[in-house]
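Peer 1: need a structure here:
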Amino acid sequence: MISEKQLNQIFKSSSVPMMVLLPEVPDFSIVDVNEAYLALNGYKREQLVGKSFLGLAGFHDISDWATSLEKVVVHKKADKIPVSAYTVSVNSAGDKETRYWEIDHAPILDDDNEVAFILCSILDHTSDIITRKNSEQALTESLNQFYSLLQTIEGIVWEADADTLRFTFVSDHAKQILGFSTNEWLTEPHFWENHIHPGDRDEVLNYVNLKSGKEKSYSSEYRMIKADGSTIWIKDIVAITTDNNKRKWLRGLMLDITVPKRLSNLEYLEKNVLELNSKSNVTIQEILSYYLEGIEALFPQMKCSIMQVKGNRLHNWAAPSLSPHYLATIENLPVNDNTGSCGTAAFLKKKVIVSDIANDARWADYKQIASKYDLQACWSHPIINSEGEVLATLGLYYNKPKKPDEEELKVIERVTAILKVILENRQRAEIIADASVLMTQSQELAHFGNWRWDVQNNIVSWSDSLYLIYGLNKKDFKATFEGYQELLHPDDRERVYNIISNVLNSKQDVEFEERIIRPNGEMRYLKSWGKLKSDASGVPVEMIGACLDITESKKTQQELQSGESRLRALADSQTSYVIRIDLEGRYTYYNKKYLEDFGWILKDKDIPNTLATVTVQPYHHQLVRDILKKCIENPNKVYQVEFDKIQPNGSPKPTLWHFIGLANSNNQTTEVQCIGLDITDLKNAETALKISNERYEYVNKATNDAIFDWNIIEDAIKWGNGFFRMFGFDSKAEYTSYSWASQVHPEDKERILDSLLETLKDEMKDNWSVEYRFKKADGSYADVEGTGYIVRNETGKPIRMIGVIRDITERLNYIKAIEKQNEKLLEIAWMQSHVVRAPLTKIIGLADLIRDFPNNDDEENQLIEHLLTCAYELDDIIRNISAKTEQIDLNTGIALK
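Peer 2: As a prediction, the model looks like this:
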């Protein structure tokens, strides 16, 4: 058994402040206190023991203690005062601090089961509460930052069950990017799978199952169908969360990569088109059809056509997706104003955008034809050669009224530029071919530009046409071998002399090109043929030949080379990286963008002998070599890979690349083309998403405020954990605006609902803040403050409100107490300034009568009697003021009554 002495030592040494009271109502005298209690505010034991506990004014707020102590005496059971704020003196100077105490009053019963003593214990929660309030403030700020951050991410932040793939969260950007509401994502079974493009669906789902089984994160690219039926490319960056080594959640970020994806595919398409155009056995119709089919694959709702302009009329050249019957109807239409989109574009020599065929004057005579084949929009761009002639028109049709967006306009301009190069080069190639035929015919039929050299006698004869070619007058110039050499370009004389000398020795026919200088200084290009005739002994006798002036064809060739330069310039204008490497991985070409970012590495390098890995972080060198090997083994197949390049400061620059092996006619890879993008921003978005998700998890669990997310369209409210802790409601129930409004105090409801409706109706307002009384689950009311951030759609209609509800009951009670005190002080001030002045004025007047006027004894006695009456009246007033002053708690400044 523990002795009384040991119990007393335990009591004295306890770190919990305690005191023992007698159960005497109303004094509750102090029997003993321990050291921890004395340390609360510096009292000595002799100042407390034997004193009335409730009479210790100025010690701390103990008004609620009396009620608790009386309960203990009456019911003989322990009573607890929950954590409350108390103002406590902390030093002899009277400085005050607020402490948060929890009070326990426990009865100590005697043998007769009567209360002999009451043990009072004080548990100090000040540190915990201050820490909690600081944490709540920090968490609130963090939550606000999280929501702000979420709004800045240009992608769809999402979460789904790892096994069922049912989405549990999607951010508001889902509506902007794909056109579906968040409710559709969250409520429709298999929503995500059903909206993956059918051509990608099986591959994507198989890839998800494969990666979810062994990876912590992965990314994939695929197409999705938007609400309007159009298709976009998505890059899905996914993180896998596990629980007990079992996958539980998939969380990720979907980014719209339609533009860079289309750009990459467009560049690949253009490369193939230009390669086709370089092959002489491929017809122009085949090239154009292949190009248009590729464009339609990039824009699935678009139908393309190219119409040739010939004889001031339109002729179908290529239109892979338009009805043959429609094409037959518009064949041979005149180039004129208001002749549909293509006829007008060719006439005006500028692009024509018709977004609604049915209501456009330029289609007035043809809209019935278009309507029959469900063509509702048509944009046309003329293809004009260097001489300003319209070669053709590029027409783009849609089955619905539509204006082109910025991306489509850029693609149209780009496609038109490529078509101009193709058609103009083809046109000039045909001119060259025709010239070659004419030249052959001239040689055979008219001996065009003939010459004859009698080698033995050194006599040269020219045809009249040859004189014209040389710009000479037959009468003024005598043709000789030496004279001919004088007319040659100085840089060509030795070469031509050696060619002719070799013919005399080898006796073989010759074909060569030469330059001549006309008397007027003009330089001309000639193509010459020579044939030697010998006698029976093999001695050269005569050489005959012909010349063709190929100056124009040379210019055409130079222009073609300029066209090639323009194509190279087109590659240099790209914002993506374009490089080519040989089968050993050495550079053969890189564009301007690549040089801008990595020229600091390449500036001192011998490019043909430089490996492309020089700009790649060392830890990714093997990855580049592996991709290069795949391209060599599998030509014309595109491989996608991410690796880090090197920045001047040594840090990594993340990049996304598409590698493809370029094959020769034997389907063997001869070179590898690589197109890359800087994906630093995407990588930063991945990091931001991870931090954002973690912050959201912790904030929602830790805060005591009632966070809410109200889907206004569906009228569904999701509450944070703080709502259920504060108000005691069931966390599993479903909540709507009606269920929330039903808990608002009847006297506040009309005001609150009017304020809410007025705020939601005003498109210029995006915040709502209000105070009201809210009914808890136990039936009591709490004073609360509600704040909400309103999310609106593009038309200004409210679709969502995110906010928080805080319990401000304690703060309002304090304010009410202060207001009551102020009323008392105002009453005292009024009495001092008005009531006191009346008897005091009388006293001053009576004193003046006694001092300033002679009075007999009776008069003087009467004045003194009046003076005493006023003094007694003033004394009563002062006592009344004193009594009212005593009703103010001087420690707290709060009225007690």
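
Peer 1: what about residue 504, helix or strand, and which?
Peer 2: When secondary structure is defined by DSSP states H and E, residue 504 falls within helix 493-506.

Peer 1: and that helix, which residues are buried?
Peer 2: By neighbour count, with 16 or more other Cβ atoms under 10 Å as the criterion, the buried positions of helix 493-506 are 496, 499, 500, 503. (Each C-beta comes from the backbone N, C-alpha and C, glycine too.)

Peer 1: same deal with stretch 478-492?
Peer 2: Buried positions in stretch 478-492, judged by neighbour count with 16+ other Cβ under 10 Å: 479, 484, 487, 488, 492.

Peer 1: Let's have these in JSON lines, adding distance to residue 624 and secondary structure.
Peer 2: What follows is the buried residues of stretch 478-492, written out as JSON lines (distance: Cβ to Cβ, whole Å; DSSP: H, G, I helix; E, B strand; the rest coil):
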{"residue": "479", "distance to residue 624": "65", "secondary structure": "coil"}
{"residue": "484", "distance to residue 624": "59", "secondary structure": "helix"}
{"residue": "487", "distance to residue 624": "58", "secondary structure": "helix"}
{"residue": "488", "distance to residue 624": "53", "secondary structure": "strand"}
{"residue": "492", "distance to residue 624": "48", "secondary structure": "coil"}
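
Peer 1: Closest to residue 244 out of the residues you listed?
Peer 2: Residue 244 lies nearest to residue 492 out of those, by Cβ to Cβ, at 86.1 Å.

Peer 1: my read: the closest one touches residue 512, true?
Peer 2: No - in terms of Cβ atoms under 8 Å, residue 492 does not count as a neighbour of residue 512; the distance is 9.4 Å.

Peer 1: circling back: from the buried residues of helix 493-506, pick the one nearest residue 163.
Peer 2: Nearest to residue 163 among these, counting by Cβ to Cβ, is residue 499 at 81.6 Å.

Peer 1: Not counting sequence-adjacent ones, nearest residue to the closest one?
Peer 2: The spatial neighbour of residue 499 that comes closest, neighbours along the chain excluded (Cβ to Cβ, 6 or more residues apart in numbering), is residue 512 at 5.4 Å.

Peer 1: Buried by neighbour count: which residues of the strand or helix carrying that neighbour qualify?
Peer 2: With elements taken from DSSP H and E, the one containing residue 512 is strand 510-517. By neighbour count, and taking 16+ other Cβ under 10 Å as the criterion, the buried residues in strand 510-517 are 510, 514, 515, 516, 517.

Peer 1: can I get the residues you listed in a markdown table with pLDDT and distance to residue 300?
Peer 2: As requested, these are exported to a markdown table (pLDDT from 0 to 100; distance: Cβ to Cβ, whole Å):
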| residue | pLDDT | distance to residue 300 |
| --- | --- | --- |
| 510 | 87 | 58 |
| 514 | 88 | 56 |
| 515 | 89 | 54 |
| 516 | 88 | 58 |
| 517 | 91 | 60 |
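
Peer 1: Out of those residues, flag the one nearest to residue 344.
Peer 2: For these, the nearest to residue 344 is residue 515 (47.1 Å; Cβ to Cβ).

Peer 1: Can you tell me who the closest one pairs with across the strands?
Peer 2: Under the criterion DSSP bridges, residue 515 forms beta bridges with residue 525.

Peer 1: Test my guess that it contacts residue 523.
Peer 2: Yes - contact status for residue 515 versus residue 523: in contact at 5.7 Å, counting by Cβ under 8 Å.

Peer 1: For these two, list the residues in contact with both.
Peer 2: residue 489 (Cβ atoms under 8 Å, 6 or more residues apart in numbering).

Peer 1: Could I get the average pLDDT for the helix holding residue 504?
Peer 2: For helix 493-506, the mean pLDDT works out to 88.

Peer 1: Specify the angle between it and strand 510-517 in degrees.
Peer 2: With axes from the mean of the first three to the mean of the last three Cα atoms, to 10 degrees defining the directions, helix 493-506 sits at 150 degrees from strand 510-517.

Peer 1: tell me the secondary structure for residue 414?
Peer 2: Three states are possible here, and by DSSP: H, G, I helix; E, B strand; the rest coil the one that applies to residue 414 is helix.

Peer 1: bridging residues for residue 641?
Peer 2: Applying DSSP bridges, one finds that residue 641 bridges with residue 657.

Peer 1: Residue 277 versus that one, what's the distance?
Peer 2: For residue 641, the distance to residue 277 under the criterion Cβ to Cβ, to the nearest Å works out to 30 Å.

Peer 1: In terms of neighbours, single out the busier of the two.
Peer 2: Residue environment comparison for residue 641 versus residue 277 gives the larger neighbour count to residue 277, 21 against 17, counting by other Cβ atoms under 10 Å.

Peer 1: Any figure for the gap between that one and residue 523?
Peer 2: When Cβ to Cβ is applied, the distance between residue 277 and residue 523 equals 31 Å.

Peer 1: residues in contact with stretch 619-636?
Peer 2: Residues from elsewhere that reach stretch 619-636, judged by Cβ under 8 Å, 6+ apart: 581, 583, 585, 612-613, 616, 637, 639, 641, 643-644, 657, 659-663, 667-669, 672.

Peer 1: Go through those and flag which are in strands.
Peer 2: Secondary-structure check on the contacts of stretch 619-636 using DSSP state E: residues within strands are 581, 639, 641, 643-644, 657, 659-663, 669, 672.

Peer 1: In JSON lines: these, plus pLDDT.
Peer 2: Formatted as JSON lines, those follow (pLDDT from 0 to 100):
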{"residue": "581", "pLDDT": "92"}
{"residue": "639", "pLDDT": "93"}
{"residue": "641", "pLDDT": "92"}
{"residue": "643", "pLDDT": "92"}
{"residue": "644", "pLDDT": "92"}
{"residue": "657", "pLDDT": "92"}
{"residue": "659", "pLDDT": "94"}
{"residue": "660", "pLDDT": "93"}
{"residue": "661", "pLDDT": "93"}
{"residue": "662", "pLDDT": "91"}
{"residue": "663", "pLDDT": "89"}
{"residue": "669", "pLDDT": "92"}
{"residue": "672", "pLDDT": "93"}
